[in-house]
Each structure stands twice: as C-alpha cells, then as structure tokens.
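Peer 1: Compute the structure for the input listed below.
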Amino acid sequence: MHDLAEQARALMEAAEGVDEELAQQRLNGRHQAVFAEARQTANRIGTLFERALSRGELNEAGLFTARYEQLSNTRPPMYKTAFDDFTDRYLPALQEPMLETLGLNYAIACDRRGYVPTHNKAVSRKPTGDYEHDLKFCRSKRIFDDPTGSRCGAHEKPLLLQTYKRDTGEIMHDLSVPIYVNGKHWGGFRIGYQPEKAPASVPATACREDAPALDVLPEAGRLARV
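Peer 2: Residues are numbered from 1 along each chain as shown. This is a model prediction of the structure:
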C-alpha cells in the first residue's frame, strides 16, 4: 500500500510538472490567462503590504510571524491574526473582480502555513454554529492544511498547478504563485477554477489539451478544503 501511494504521488507530481510547463509556455489557453492574472495580483499584494509596513500600518513581526488566535465557537476553526483586519479592508478590491472576469471559483491570498485571512465575499459569512453551513460559507480566516492547500503558500516555484477534489465535492484546478514582500517570501496567491469540459462526442481525456496525466488524486483519501 505504501509503494502504491508513493507511485501515485510521483505520477501526480509529474502531471503537475507538465501542466506548469504548459502554463508558462502556451500563449493561449486557460492556464496561461490565469497564471498571468495570478502573478500580477500577487505583485500588487506584495506592494500593498510593503506600503503598509512603511506607513506603520502593519509591522513585520506580525506579518511574517503570525500568531493564530482561534475564534471561539467556530467549527471548522477560524483564526485571528495581526494582519487580517488590514486584509479585510484591502484584499477584496483585488480579489473579487477576478472572479467574474475570469470565471473563477476563488481567488485568495494565503500565508506560508495556508492561512487565508480574507476569503471571497460569497464564502465569508458569519459562522452560525451549523457545521455543514459553516464548512461551505465561512471559509475566511481558516488554515487550509490539506495536501493541496498546505503547498500553495509554502512553495517558491514560479507557479504550482494542482488538480484536486474539494471538501465540497467539486473537481478543481488550483494555480498558485508566491507573494514576496520586500524580497521576503510571505505566502502565495491561489486561484481555483474548474477544468474545461470536453465536447460530449469525444472522451474528455482525449480532447482536453490542459488535462494532467491524473486529474484527481487526493492523497491518503483526504479532501482539500479551500
């Protein structure tokens, strides 16, 4: 079983590598458009943080060495940090317009631990105490430490493209790029979007140019939670 898991992980990483190359090299296509927008937005967020640091609106220790204080009566757990009030004020203006323009499921910043201080407005509702409701609609201020989410803010590749199944059931591409603040790695900007559908008359695996070798491969049966 262990050998099979390792083989599956190797195949998944190989598939990701192929798609990363496509995203960087193809002039047209869904991945390229998403990559360009992600990189531009990550740069803007880095600049936003740099200006806040220079004004004293944020401090470097609070931004880079976050203390996660769990909010009471939240399940799944939500956390308060020294910078999420700031991101609540400024990140929606960068994140929200992308959703409709590119037809995205999410566009969010996360720190190196996978903490998302400010998720998209549609899923940033106040918790009700009902687990099923809060799982779907209270996704802001949570730490996404599943196999997919934990990699998005931690890596420093030009981009990381993953395909996974969310805990809400959708099959999703997740493309993430690093965010740097004054040259220091803070986290990542991640974009979620659904795979393009193939024409009904042709098998999906035969006609999807952007399909990785394995479309869905949750590690050890765990679902990603972003």
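Peer 1: counting residues per helix, which one in the chain is longest?
Peer 2: Within the chain, and with DSSP state H defining each element, the longest helix by residue count is helix 30-55.
Peer 1: roughly how far is it from the heart of the chain?
Peer 2: Relative to its chain's centre, helix 30-55 lies at 14 Å (CA atoms, centre = their mean, to the nearest Å).
Peer 1: What's the end-to-end length of stretch 136-153?
Peer 2: Its start and end residues considered, stretch 136-153 measures 21 Å (CA to CA, to the nearest Å).
Peer 1: buried ones in it?
Peer 2: For stretch 136-153, burial by neighbour count (16 or more other CB atoms under 10 Å) applies to 136-144, 146-153. Heads up, the C-betas are built off the backbone N, CA and C, glycines and all.
Peer 1: Where do the helices of the protein begin and end?
Peer 2: For the chain, applying DSSP H gives helices covering 2-25, 30-55, 60-64, 84-102, 131-137, 149-152, 204-207.
Peer 1: Now do the second one and helix 84-102, the angle between them.
Peer 2: To tie it back to what came earlier, the one meant is helix 30-55. 150 degrees (axes from the mean of the first three to the mean of the last three CA atoms, to 10 degrees).
Peer 1: packing partners for helix 30-55?
Peer 2: Identification of packing neighbours for helix 30-55 by 3 or more CB pairs under 8 Å, 6 or more residues apart in numbering; DSSP states H and E yields helix 2-25, helix 60-64, helix 84-102, strand 106-111, strand 171-181, strand 184-193.
Peer 1: what do you get if the cut-off is 7 Å, keeping everything else the same?
Peer 2: Contacting helix 30-55 under the criterion 3 or more CB pairs under 7 Å, 6 or more residues apart in numbering; DSSP states H and E are the following elements: helix 2-25, helix 84-102, strand 171-181, strand 184-193.
Peer 1: what's the last one in contact with?
Peer 2: Same thing as strand 184-193. Surrounding strand 184-193, the residues in contact under the criterion CB atoms under 7 Å, 6 or more residues apart in numbering are 34, 38, 41-42, 45, 49, 63-64, 103-112, 152-153, 155-156, 172-180, 226.
Peer 1: now the most centrally placed residue in the chain, nearest residue through space, not along the chain?
Peer 2: Here the mean C-alpha position of the chain is nearest to the C-alpha of Arg190 (CA atoms, centre = their mean), at a distance of 3.2 Å. Setting aside the residues directly before and after it, Arg190 is nearest to Ser176 in space (CB to CB, 6 or more residues apart in numbering), at 4.0 Å.
Peer 1: Report the contact partners of the one you found.
Peer 2: With contact set as CB under 7 Å, 6+ apart, Ser176 has these partners: 152, 159-160, 188-190.
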